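K.L.:
Structure, please.
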Amino acid sequence: MADVTLLHVITALNVGGAETVLARLLGQDNADRAGIDQCVLSLMAPGPAGARIAAGGTPLETLSMRQGLVTPGAALRLIRVSRRLRPDLIMGWMHHGQLASWLAARSVQPPIPLIWNVRHSLDDIRDEKWSSRKVLQLGAALSKRPAAIIYNSHAARAQYEALGYASCHSRVIPNGFDCDQYRPDPGARQRIRELFDIDGKAVLVGMVARAHPMKHPDNLVEAVCRARSAGADIHLIIVGQGMASPDAAHSRTLASRLPRDRYTLVEGRADVAAWLGGLDILALPSAWGEGFPNIIGEAMACGVPCIATDVGDSRRIIADTGLVVPPRDVEALARALLELVAAGPEGRHRLGQAARARIIACYALRDIAAQYAALYQDVLALGGRSVAHGGSGEKGALA
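P.N.:
Numbering: from 1, shown residues only. Below you'll find the model as predicted:
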């Protein structure tokens, strides 16, 4: 195939899951081997993920839009960039990026083949902001236009199609993980305890997520308090953008309910892979909105057993290598913590080994990147006509 250009249009390039997955895919050479050059257009000014992408040598452009403010000037800049780059294929990431990608594809004649990449789940659309609901409704109305719609979770595909998104050309391609970067490390336990001054006697339970209501850190804090009241010596560490704010509800609860030497709050960090394997348990208490949580796959690849709420595809990902509880059920979350604490170091180690084997078998980055490259070729070969309904994107019965 002659060299062609793929333009990724994404809402923002900060620290979210969509941005992380895009950066990982750009770091793989599958598309390059297929003769596809890639470039990125961020609607908003690029953040940390943008710096990572630019450092890797991928051309990066931005419209420098303000959040939630789509102006006629921004739309005009989008059209100008699209006509200057004249890509052969466009992929839109995240809700606003998908709408922008549709406009970009239509602004060039003949229209450019289009793929949408959905990274969110919709347990209840009422949880979304009013403006987001309107964007979702517009997306549903336009969803027959792309040649393919990618979802990173089976849950999201079912939810979006129930909302009215076209089903004839949808497929699930899950997130992928570099299992050489995220791997068990015997030194990680000591490293994380020294880095954050944590008592090595306690069971270390970690949450890694940005501050957002859907992540529901308050639920984990309360569950840890209940588990400690039942006799479990747990140290809770919460790491993520905005999570160390002293004004956050979870911060105030921690200060009033736990001993000062049994919790740690840390702002977002870029070195998570270096110490993630030092956790005894990874917990993700999200109330809604998860599709395929990257942190679960990363922790599992590091050999850390996970507890998660049954949101998005968390149950499918974890399977029998950890525990899954209903969202917003603090008592169930506390019981899950007590169960893994009672399993002891050997029991948690066995679960962690099984978790890593599952990630390698089902969600290895090289295999996921190959699925993307194959889809690009299919769409280009069909000249932008809809690609037939795809499979799960997961390998074998393990998925």
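
K.L.:
which strand of the protein spans the most residues?
P.N.:
The longest strand of the chain (DSSP state E) is strand 36-44.

K.L.:
list the helices and strands that strand packs on?
P.N.:
When contacts are defined as 3 or more Cβ pairs under 8 Å, 6 or more residues apart in numbering; DSSP states H and E, strand 36-44 packs onto strand 4-10, helix 17-27, helix 48-55, strand 60-65, helix 72-85, helix 95-106. Any C-beta I mention is one placed from the backbone N, CA and C, and that applies to glycine too.

K.L.:
Next, the angle from it to helix 17-27.
P.N.:
150 degrees (axes from the mean of the first three to the mean of the last three Cα atoms, to 10 degrees).

K.L.:
strands paired with strand 36-44, and their directions?
P.N.:
strand 4-10 (parallel), strand 60-65 (parallel) (DSSP bridges).

K.L.:
out of the helices and strands packed on strand 36-44, which comes closest to A155?
P.N.:
Shortest distance between A155 and these, using Cβ to Cβ, is found for helix 17-27: 14.3 Å.

K.L.:
Hmm, E222 and L258 touching each other?
P.N.:
No. Judged on Cβ atoms under 8 Å, L258 makes no contact with E222 at a distance of 10.7 Å.

K.L.:
Which stretches in the stretch 101-250 of the chain count as helices?
P.N.:
For the stretch 101-250 of the chain, applying DSSP state H, counting those that start in this stretch gives helices covering 130-142, 154-163, 188-195, 217-229, 249-257.

K.L.:
same question, the stretch 251-399 of the chain
P.N.:
Under DSSP H, counting those that start in this stretch, the stretch 251-399 of the chain gives helices at 272-275, 294-301, 314-318, 330-362, 365-381.

K.L.:
Which one, of those, ends up nearest to L13?
P.N.:
Once the helices of the stretch 251-399 of the chain are compared by Cβ to Cβ, helix 294-301 is nearest, at 15.1 Å.

K.L.:
same question for that closest one, mean pLDDT?
P.N.:
For helix 294-301, the mean pLDDT works out to 98.

K.L.:
Could you list every helix and strand that it packs against?
P.N.:
helix 17-27, strand 281-284, strand 306-309, helix 314-318, helix 330-362.

K.L.:
Kindly reformat these as TSV containing mean neighbour count.
P.N.:
Listed next are these as TSV, based on neighbours: other Cβ atoms under 10 Å:
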stretch	mean neighbour count
helix 17-27	21
strand 281-284	27
strand 306-309	27
helix 314-318	22
helix 330-362	18
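
K.L.:
Now mean pLDDT too, for those, in a markdown table please.
P.N.:
Compiled in a markdown table, those are given as follows (pLDDT from 0 to 100):
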| stretch | mean pLDDT |
| --- | --- |
| helix 17-27 | 92 |
| strand 281-284 | 98 |
| strand 306-309 | 98 |
| helix 314-318 | 97 |
| helix 330-362 | 98 |
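
K.L.:
So which of the ones you listed is nearest V172?
P.N.:
helix 314-318 (10.0 Å).

K.L.:
outside of that closest one, which residues touch it?
P.N.:
153-154, 174, 284, 286, 290, 292-293, 296-297, 300, 306, 308, 324, 355, 358, 363, 399 (Cβ atoms under 8 Å, 6 or more residues apart in numbering).
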